[in-house]
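[1] sequence plus predicted model, see below.
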Amino acid sequence: MADLPPELVEDILLRLPVKTLKRFRAVAKSWRSLIDGDDFAKLHLRHSLTTNSNRNLIIGGIGVYTVALDSLDGAHPIKPPFYYKTVDEISNSCNGVVLVMSEPPILWNPYSADYKVLPDCPVERAAPDGCYCMTGFGFGYDSRNNDYKVVRVTEFRHIVNHSSMTNVASIYSHKSNSWRRIDPIPYPPTFLRGHWRVHINGALHSLVQDSGSVHGLIIMGFSLETEMHYPMAMPDGVRVRGFGFTLDVVGDRLALVCTSRYRAVIWVMEEYGVADSWVELVALRCPAIERNDFVTPLVYSKEGDRVLLNCDDKRLVWYDLRTKSVDYVTVKGLPFVFYAEACVESLVSLGGGGRGKIKNSKLEKDERKENIRRKRDDFLSKGFKLVL
């Protein structure tokens, strides 16, 4: 490729997955400089998003795995470059970056292997009498300011009836690498596994009880840009009696999942913020799903004619939007129980391959043990001479 014009080389490289690009950095200094540049990272991400390429599932639960969406040929383990406990949940993905909800939290690009440990976020308020606290995180991208942000909410709940009493909220800016206190969230955020996970259009979303609304529920959005809260309408045709409700995201659209013992219905908002744009996307009954299945929409197929569903964190199912039929998916190496998040491969840099320090981590302990072993071996090799 030495004789190819630089524009053509760039166009070819833009189409490749991150793993291949990391190998190709060794081809030439010019290629390394190109691939490592911020402009190329942005162009590569834009190409992947517009062409629906380089898409994967990040699988969490017992370990971390990645599954290529185009083939679904197998779950391949990923070893995080930091100490990762299986109890640490992984957030939704923003431009290929996820939040590992550990202590301290970590921003991580699983495909470039770049990560950043977040600084400490002190909670300046002790739990009120008769309350216990729960901490949850929300992660999203502020496109106007080109900034990745993390919201941490420490919620205080009544020790007897578990009702939400008050909360303390802080927001982290990747640009400034600092936390800042914000006003308490004026409603209980919707946490799933400690994660305020419904991020779309630069905002985090929750289902909130509202006795004044027709459905008894209202959708609230929290803008990461303005830090303002705003209401959004529920679908007009949704049935309330006998159903439970959760919010989700599928194909950059807000989704409302309605489940009963024998049914699952998924609505999507075709145009963000427009109440009349809600449409029913998926309708399933037993035996297509099992009784009491918790259904989560993950992603559209590349052609847009099917939706991949996670059923009860145990099975993956393609739902055909035209025939209304289901096709069960077998992925080799998939854990028995798992959770999944759609993720696009990207070269987004977090500032230098793991800046920040994880205190008292297992990696540090292992490194100390290895250093002690090496010093011991050096001492023994100098002090003794082995004669055969």
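    Everything's here; your move.
[2] which intervals of the protein have sub-threshold pLDDT?
    Residues of the chain that meet the criterion pLDDT under 70 lie in 1-2, 87, 123-124, 191-194, 352-388.
[3] middle-most residue in it, spatially?
    Asn92 (1.7 Å; Cα atoms, centre = their mean).
[4] return the residues in contact with it.
    98, 139, 195, 197-199, 249, 341 (Cβ atoms under 8 Å, 6 or more residues apart in numbering). C-betas here are computed from N, CA, C, even on glycine.
[5] kindly report the same for Asn292.
    Here Asn292 is in contact with 261, 312 (Cβ under 8 Å, 6+ apart).
[6] which helix or which strand is home to Glu22?
    Glu isn't right for residue 22; it's Lys. Using DSSP states H and E, Lys22 falls within helix 18-24.
[7] beyond that helix, next helix or strand please.
    helix 29-36.
[8] how far does that next one sit from its chain's centre?
    Here helix 29-36 is found 29 Å from its chain centre; the criterion is Cα atoms, centre = their mean, to the nearest Å.
[9] buried ones in the helix or strand following it?
    The first helix or strand that comes after helix 29-36 along the chain, using DSSP H and E, is helix 38-51. Using 16 or more other Cβ atoms under 10 Å as the test for burial, helix 38-51 gives 40-41, 43-45, 47-49.
[10] likewise for stretch 302-320?
    Under 16+ other Cβ under 10 Å, the buried positions of stretch 302-320 are 306-311, 313, 315-319.
[11] so who does the nearest residue to Pro235 once chain neighbours are set aside touch?
    Once flanking residues are discounted, Pro235 sits nearest to Trp278: 3.7 Å by Cβ to Cβ, 6 or more residues apart in numbering. If you count contacts by Cβ under 8 Å, 6+ apart, Trp278 has them with 233-237, 256, 267-270.
[12] how far away is Trp278 from Asp248?
    14 Å (Cβ to Cβ, to the nearest Å).
[13] which residues are in contact with both of the two?
    By Cβ under 8 Å, 6+ apart, the residues touching both Trp278 and Asp248 are Leu256.
[14] neighbours of Cys94, how many?
    By the criterion of other Cβ atoms under 10 Å, Cys94 has 22 neighbours.
[15] picking that back up, filter the buried residues of stretch 302-320 down to the ones in helices?
    Using DSSP state H, no member of the buried residues of stretch 302-320 falls in helices.
[16] tabulate the residues you listed (a markdown table), appending distance to Asp70.
    Output for these, formatted as a markdown table (distance: Cβ to Cβ, whole Å):
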| residue | distance to Asp70 |
| --- | --- |
| Arg306 | 13 |
| Val307 | 16 |
| Leu308 | 12 |
| Leu309 | 18 |
| Asn310 | 18 |
| Cys311 | 21 |
| Asp313 | 23 |
| Arg315 | 20 |
| Leu316 | 14 |
| Val317 | 17 |
| Trp318 | 13 |
| Tyr319 | 18 |
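[17] now go through those and say which are in strands.
    Taking DSSP state E as the definition of strands, those contribute 306-311, 315-319.
[18] what number of residues lie near the nearest residue to Ile266 once chain neighbours are set aside?
    The shortest distance from Ile266 to any non-neighbouring residue, by Cβ to Cβ, 6+ apart, is to Val282 (3.9 Å). Neighbourhood size, Val282 [other Cβ under 10 Å]: 20.
[19] Val282 in helix, strand or coil?
    strand (DSSP: H, G, I helix; E, B strand; the rest coil).
[20] list the buried residues for stretch 164-181?
    For stretch 164-181, by 16+ other Cβ under 10 Å, it's 167-174, 179.
[21] ok, so of these, who is nearest Arg15?
    His174 (27.9 Å; Cβ to Cβ).
[22] show residues contacting stretch 197-210.
    When contacts are defined by Cβ under 8 Å, 6+ apart, stretch 197-210 is touched by residues 91-92, 94, 138-144, 151, 187-190, 196, 216-225, 232, 245-249, 252-254, 272-273.
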